[in-house]
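# Following is a predicted model, sequence given first.
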Amino acid sequence: MTVAPHRWQKSAPGSEGVPHRGQSTTAGKLFAPFDYSRLVRIRCVALATRDPALYADLAGVLREQRIPSVSLLPGDRIPAHVAIVLTSPAEADSIRHPRVVGVPPDADRTSLVAAVTEAVAAMDPATELVVGIDPGPRPGYAVLSTSACLIQGSLEAPEKAADLGRHLHRRFPERPLRFRVGSGDPLSRTRIVNALWELHRPIELVDESGTTPRGHRRPRDPVAARRIAGTPGRRVEGPSPLRITDGEITNVQRLSRETSGGHLTISRALASRVLEGQLTLLQAVEEGRRRNVHPPPLPLSPSQPY
(Lines give C-alpha, C1' and ligand atoms only; values in the text may rest on other atoms or scores of the structure.)
Protein backbone atom coordinates (compact mmCIF):
# COMPACT_ATOMS: atom_id res chain seq x y z
CA MET A 1 0.00 0.00 0.00
CA THR A 2 1.29 3.44 -0.93
CA VAL A 3 0.98 6.19 1.68
CA ALA A 4 0.03 9.62 0.34
CA PRO A 5 2.39 12.46 1.37
CA HIS A 6 1.36 15.15 3.79
CA ARG A 7 1.09 18.72 2.64
CA TRP A 8 4.58 19.63 3.90
CA GLN A 9 6.27 16.55 2.39
CA LYS A 10 7.85 16.52 -1.11
CA SER A 11 7.32 12.78 -1.59
CA ALA A 12 5.55 9.89 0.01
CA PRO A 13 7.43 7.40 2.20
CA GLY A 14 8.47 4.30 0.34
CA SER A 15 7.90 5.83 -3.11
CA GLU A 16 11.47 6.94 -3.88
CA GLY A 17 11.96 7.78 -7.53
CA VAL A 18 8.21 7.93 -8.26
CA PRO A 19 7.11 11.50 -9.11
CA HIS A 20 3.82 12.82 -7.74
CA ARG A 21 1.39 15.24 -9.24
CA GLY A 22 3.23 18.52 -10.04
CA GLN A 23 6.71 16.97 -9.61
CA SER A 24 9.33 16.86 -12.37
CA THR A 25 10.90 13.60 -13.48
CA THR A 26 14.38 15.19 -13.81
CA ALA A 27 16.60 16.89 -11.25
CA GLY A 28 16.37 20.69 -11.30
CA LYS A 29 19.21 23.25 -11.46
CA LEU A 30 19.17 23.52 -7.68
CA PHE A 31 21.03 20.22 -7.56
CA ALA A 32 23.74 21.18 -10.08
CA PRO A 33 27.31 20.43 -8.94
CA PHE A 34 29.08 23.29 -7.10
CA ASP A 35 31.65 25.32 -9.05
CA TYR A 36 34.79 25.10 -6.94
CA SER A 37 36.57 27.68 -9.11
CA ARG A 38 34.76 30.33 -7.04
CA LEU A 39 36.93 29.43 -4.06
CA VAL A 40 40.11 30.86 -5.64
CA ARG A 41 41.70 33.27 -3.16
CA ILE A 42 41.96 36.94 -4.12
CA ARG A 43 45.52 38.15 -4.66
CA CYS A 44 46.64 40.46 -1.89
CA VAL A 45 49.58 42.32 -0.34
CA ALA A 46 51.66 41.06 2.58
CA LEU A 47 52.94 43.52 5.19
CA ALA A 48 55.98 41.77 6.66
CA THR A 49 57.89 44.05 9.02
CA ARG A 50 58.72 44.46 12.68
CA ASP A 51 58.81 48.26 12.33
CA PRO A 52 55.55 49.47 13.96
CA ALA A 53 55.71 52.96 12.42
CA LEU A 54 56.21 51.62 8.89
CA TYR A 55 53.50 49.00 9.40
CA ALA A 56 50.98 51.60 10.57
CA ASP A 57 51.82 53.89 7.66
CA LEU A 58 51.55 51.19 4.97
CA ALA A 59 48.44 49.64 6.51
CA GLY A 60 46.74 53.02 6.41
CA VAL A 61 47.69 53.54 2.76
CA LEU A 62 46.37 50.11 1.75
CA ARG A 63 43.18 50.59 3.76
CA GLU A 64 42.57 53.96 2.13
CA GLN A 65 43.01 52.44 -1.34
CA ARG A 66 40.91 49.36 -0.37
CA ILE A 67 43.70 46.96 -1.30
CA PRO A 68 43.46 43.57 0.52
CA SER A 69 46.42 42.70 2.72
CA VAL A 70 47.71 40.18 5.26
CA SER A 71 50.05 40.84 8.18
CA LEU A 72 53.17 38.71 8.60
CA LEU A 73 56.57 38.80 10.24
CA PRO A 74 59.84 38.33 8.39
CA GLY A 75 60.49 34.58 8.26
CA ASP A 76 56.81 33.55 8.29
CA ARG A 77 55.47 31.37 5.50
CA ILE A 78 54.00 33.55 2.77
CA PRO A 79 50.63 32.36 1.40
CA ALA A 80 50.44 31.51 -2.28
CA HIS A 81 47.88 34.23 -3.02
CA VAL A 82 50.26 37.03 -1.94
CA ALA A 83 51.23 39.05 -5.03
CA ILE A 84 53.74 41.43 -3.45
CA VAL A 85 55.46 41.84 -0.08
CA LEU A 86 56.06 45.25 1.51
CA THR A 87 58.72 45.52 4.18
CA SER A 88 61.54 47.77 5.35
CA PRO A 89 64.78 47.98 3.34
CA ALA A 90 66.70 46.36 6.24
CA GLU A 91 64.34 43.33 6.32
CA ALA A 92 63.94 42.83 2.56
CA ASP A 93 66.87 40.38 2.20
CA SER A 94 65.38 38.03 4.79
CA ILE A 95 62.12 37.51 2.87
CA ARG A 96 61.82 34.89 0.14
CA HIS A 97 59.27 35.95 -2.45
CA PRO A 98 59.44 36.78 -6.19
CA ARG A 99 58.40 40.39 -5.53
CA VAL A 100 59.67 42.05 -2.36
CA VAL A 101 59.68 45.86 -2.05
CA GLY A 102 61.69 47.58 0.66
CA VAL A 103 59.86 50.80 1.50
CA PRO A 104 61.90 53.57 3.16
CA PRO A 105 60.01 56.06 5.34
CA ASP A 106 60.31 58.83 2.74
CA ALA A 107 59.27 56.73 -0.28
CA ASP A 108 56.70 58.21 -2.64
CA ARG A 109 53.34 56.65 -1.79
CA THR A 110 51.70 57.42 -5.15
CA SER A 111 54.09 55.31 -7.24
CA LEU A 112 54.11 52.63 -4.53
CA VAL A 113 50.32 52.27 -4.67
CA ALA A 114 50.53 52.06 -8.47
CA ALA A 115 53.05 49.21 -8.23
CA VAL A 116 50.97 47.38 -5.63
CA THR A 117 47.77 47.73 -7.68
CA GLU A 118 49.54 46.38 -10.75
CA ALA A 119 50.90 43.37 -8.83
CA VAL A 120 47.55 42.51 -7.23
CA ALA A 121 45.74 42.78 -10.57
CA ALA A 122 48.41 40.62 -12.29
CA MET A 123 48.79 43.06 -15.17
CA ASP A 124 51.21 42.62 -18.03
CA PRO A 125 54.51 44.19 -16.87
CA ALA A 126 55.47 45.11 -20.45
CA THR A 127 52.54 47.42 -21.20
CA GLU A 128 52.93 51.19 -21.39
CA LEU A 129 51.94 53.39 -18.49
CA VAL A 130 49.83 56.40 -19.50
CA VAL A 131 49.51 59.37 -17.13
CA GLY A 132 46.54 61.64 -17.74
CA ILE A 133 46.64 65.15 -16.23
CA ASP A 134 43.74 67.59 -15.98
CA PRO A 135 45.27 71.11 -15.79
CA GLY A 136 44.39 73.51 -13.01
CA PRO A 137 45.85 75.09 -9.86
CA ARG A 138 45.74 71.58 -8.31
CA PRO A 139 45.84 69.30 -11.37
CA GLY A 140 44.09 65.96 -11.28
CA TYR A 141 46.06 62.91 -12.40
CA ALA A 142 45.39 59.27 -13.23
CA VAL A 143 47.87 56.48 -14.06
CA LEU A 144 46.55 53.84 -16.47
CA SER A 145 47.95 50.47 -17.53
CA THR A 146 45.98 49.51 -20.65
CA SER A 147 42.42 50.35 -19.48
CA ALA A 148 42.94 49.73 -15.74
CA CYS A 149 43.56 52.68 -13.41
CA LEU A 150 46.46 52.08 -11.01
CA ILE A 151 45.97 55.26 -8.99
CA GLN A 152 44.41 58.70 -9.28
CA GLY A 153 44.40 61.89 -7.24
CA SER A 154 45.37 65.57 -7.24
CA LEU A 155 48.74 67.32 -7.36
CA GLU A 156 49.69 70.28 -5.19
CA ALA A 157 50.86 72.38 -8.16
CA PRO A 158 51.33 72.02 -11.95
CA GLU A 159 55.10 71.52 -11.58
CA LYS A 160 54.50 68.49 -9.34
CA ALA A 161 53.60 66.52 -12.48
CA ALA A 162 57.34 66.15 -13.15
CA ASP A 163 57.89 64.73 -9.64
CA LEU A 164 55.11 62.21 -10.28
CA GLY A 165 56.80 61.17 -13.53
CA ARG A 166 60.18 60.72 -11.81
CA HIS A 167 58.68 58.57 -9.05
CA LEU A 168 56.88 56.39 -11.60
CA HIS A 169 60.10 55.94 -13.58
CA ARG A 170 61.98 54.81 -10.45
CA ARG A 171 59.20 52.40 -9.48
CA PHE A 172 58.73 51.04 -13.04
CA PRO A 173 62.18 51.37 -14.64
CA GLU A 174 61.39 48.95 -17.48
CA ARG A 175 57.98 50.36 -18.41
CA PRO A 176 57.48 52.91 -21.21
CA LEU A 177 55.81 56.06 -19.93
CA ARG A 178 53.52 58.49 -21.77
CA PHE A 179 51.86 61.70 -20.60
CA ARG A 180 48.56 63.10 -21.85
CA VAL A 181 47.67 66.63 -20.76
CA GLY A 182 44.27 68.26 -21.16
CA SER A 183 43.98 71.37 -23.29
CA GLY A 184 42.07 73.46 -20.71
CA ASP A 185 43.56 76.19 -18.49
CA PRO A 186 46.34 77.31 -20.89
CA LEU A 187 48.63 78.74 -18.20
CA SER A 188 48.54 75.63 -16.00
CA ARG A 189 48.79 73.41 -19.08
CA THR A 190 51.95 75.20 -20.23
CA ARG A 191 53.54 74.91 -16.80
CA ILE A 192 52.77 71.17 -16.75
CA VAL A 193 54.14 70.56 -20.25
CA ASN A 194 57.31 72.56 -19.58
CA ALA A 195 57.94 70.62 -16.36
CA LEU A 196 57.34 67.25 -18.06
CA TRP A 197 59.59 68.11 -21.01
CA GLU A 198 62.69 67.58 -18.84
CA LEU A 199 61.76 63.89 -18.45
CA HIS A 200 62.19 63.20 -22.19
CA ARG A 201 59.00 61.15 -22.43
CA PRO A 202 56.20 61.44 -25.01
CA ILE A 203 53.69 64.20 -24.22
CA GLU A 204 50.32 64.53 -25.93
CA LEU A 205 47.83 67.38 -25.80
CA VAL A 206 44.25 66.08 -25.49
CA ASP A 207 41.08 68.00 -26.31
CA GLU A 208 39.16 68.25 -23.01
CA SER A 209 35.71 68.48 -24.62
CA GLY A 210 33.47 66.08 -22.73
CA THR A 211 36.16 64.87 -20.31
CA THR A 212 35.04 66.83 -17.22
CA PRO A 213 32.10 65.06 -15.50
CA ARG A 214 29.11 66.98 -14.22
CA GLY A 215 28.21 67.25 -10.58
CA HIS A 216 30.03 68.31 -7.42
CA ARG A 217 29.77 65.28 -5.14
CA ARG A 218 32.88 63.50 -6.38
CA PRO A 219 36.40 64.70 -7.19
CA ARG A 220 35.98 65.80 -10.78
CA ASP A 221 39.62 66.46 -11.71
CA PRO A 222 40.89 62.85 -11.21
CA VAL A 223 37.86 61.50 -13.11
CA ALA A 224 38.57 63.90 -15.97
CA ALA A 225 42.24 62.85 -15.84
CA ARG A 226 41.21 59.22 -16.37
CA ARG A 227 39.29 60.18 -19.48
CA ILE A 228 42.21 62.28 -20.71
CA ALA A 229 44.59 59.35 -20.19
CA GLY A 230 42.37 57.12 -22.30
CA THR A 231 42.13 59.61 -25.19
CA PRO A 232 44.97 59.89 -27.75
CA GLY A 233 46.06 63.47 -28.44
CA ARG A 234 48.39 65.62 -30.51
CA ARG A 235 52.12 65.14 -29.90
CA VAL A 236 53.83 68.09 -28.18
CA GLU A 237 57.02 69.11 -29.99
CA GLY A 238 58.62 71.25 -27.29
CA PRO A 239 58.15 73.60 -24.32
CA SER A 240 56.21 76.85 -24.73
CA PRO A 241 56.64 80.32 -23.20
CA LEU A 242 54.24 81.38 -20.47
CA ARG A 243 51.70 83.98 -21.56
CA ILE A 244 50.17 85.73 -18.56
CA THR A 245 47.14 87.91 -19.20
CA ASP A 246 45.97 90.96 -17.28
CA GLY A 247 42.82 89.08 -16.32
CA GLU A 248 44.82 86.28 -14.69
CA ILE A 249 46.88 88.82 -12.71
CA THR A 250 43.71 90.60 -11.57
CA ASN A 251 42.20 87.30 -10.48
CA VAL A 252 45.26 86.41 -8.36
CA GLN A 253 45.10 89.85 -6.74
CA ARG A 254 41.43 89.22 -5.94
CA LEU A 255 42.33 85.87 -4.37
CA SER A 256 45.04 87.57 -2.30
CA ARG A 257 42.42 89.94 -0.85
CA GLU A 258 40.20 86.99 0.05
CA THR A 259 43.14 85.10 1.58
CA SER A 260 44.18 88.08 3.72
CA GLY A 261 40.64 88.80 4.86
CA GLY A 262 40.45 92.00 2.82
CA HIS A 263 43.55 93.56 4.44
CA LEU A 264 46.00 93.23 1.55
CA THR A 265 46.17 93.15 -2.23
CA ILE A 266 49.49 91.87 -3.55
CA SER A 267 51.32 93.72 -6.31
CA ARG A 268 51.16 92.75 -9.96
CA ALA A 269 54.79 91.58 -9.76
CA LEU A 270 53.99 89.17 -6.93
CA ALA A 271 50.85 88.00 -8.75
CA SER A 272 52.97 87.24 -11.83
CA ARG A 273 55.37 85.18 -9.72
CA VAL A 274 52.40 83.19 -8.37
CA LEU A 275 51.17 82.50 -11.90
CA GLU A 276 54.67 81.44 -12.98
CA GLY A 277 54.87 78.94 -10.10
CA GLN A 278 57.68 80.72 -8.25
CA LEU A 279 55.51 81.44 -5.21
CA THR A 280 52.34 80.04 -3.73
CA LEU A 281 49.50 82.43 -3.02
CA LEU A 282 50.13 82.22 0.73
CA GLN A 283 53.82 82.96 0.24
CA ALA A 284 52.96 85.95 -1.94
CA VAL A 285 50.57 87.30 0.71
CA GLU A 286 53.23 86.96 3.41
CA GLU A 287 55.76 88.67 1.16
CA GLY A 288 53.29 91.49 0.55
CA ARG A 289 52.74 91.89 4.28
CA ARG A 290 56.48 92.15 4.91
CA ARG A 291 56.82 94.79 2.21
CA ASN A 292 53.94 96.86 3.61
CA VAL A 293 55.31 96.97 7.16
CA HIS A 294 57.00 100.33 7.73
CA PRO A 295 59.88 100.45 10.25
CA PRO A 296 59.12 102.42 13.42
CA PRO A 297 60.58 105.95 13.55
CA LEU A 298 63.90 106.36 15.34
CA PRO A 299 63.63 107.94 18.82
CA LEU A 300 64.78 111.56 19.03
CA SER A 301 67.73 112.43 21.24
CA PRO A 302 67.29 115.22 23.83
CA SER A 303 69.50 117.54 21.76
CA GLN A 304 67.37 117.18 18.61
CA PRO A 305 64.59 119.69 18.07
CA TYR A 306 61.04 118.63 17.37
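Nice, I can see it.

# pLDDT weak spots in the stretch 1-150 of the chain?
Within the stretch 1-150 of the chain, the stretches with pLDDT under 70 are 1-41.

# Tell me which stretches of it form strands.
44-48, 69-72, 82-87, 100-102, 129-134, 140-145, 148-154 (DSSP state E, counting those that start in this stretch).

# domains for the protein, by residue range?
The record's domain split for the chain, according to automatic domain parsing, is 40-107, 129-235, 246-292.

# Return the most buried member of those domains.
Looking across the domains of the chain with neighbours counted as mean count of other Cβ atoms under 10 Å, the highest average goes to domain 129-235: a mean of 19. (C-beta placed from N, C-alpha, C; glycine too.)

# hang on, the earlier thing: now render the strands of the stretch 1-150 of the chain as CSV, adding distance to Leu270.
Shown next, in CSV, are these (distance: least, Cβ to Cβ, whole Å):
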stretch, distance to Leu270
strand 44-48, 46
strand 69-72, 47
strand 82-87, 44
strand 100-102, 43
strand 129-134, 27
strand 140-145, 27
strand 148-154, 25
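
# In the stretch 201-306 of the chain, what residue spans correspond to strands?
Going by DSSP E, counting those that start in this stretch, the stretch 201-306 of the chain shows strands at 203-206, 234-235.

# In CSV: the ones you listed, plus mean pLDDT and distance to Arg189.
Listed next are the strands of the stretch 201-306 of the chain as CSV, based on pLDDT from 0 to 100; distance: least, Cβ to Cβ, whole Å:
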stretch, mean pLDDT, distance to Arg189
strand 203-206, 96, 8
strand 234-235, 95, 13
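
# Please name whichever of these is nearest to Glu286.
For the strands of the stretch 201-306 of the chain, the distance to Glu286 is smallest for strand 203-206, at 34.1 Å, taking Cβ to Cβ.

# neighbouring strands for that closest one, and are they parallel or not?
strand 177-182 (parallel), strand 234-235 (antiparallel) (DSSP bridges).

# Could you find the closest non-adjacent residue to Ser154?
Arg138 (4.9 Å; Cβ to Cβ, 6 or more residues apart in numbering).
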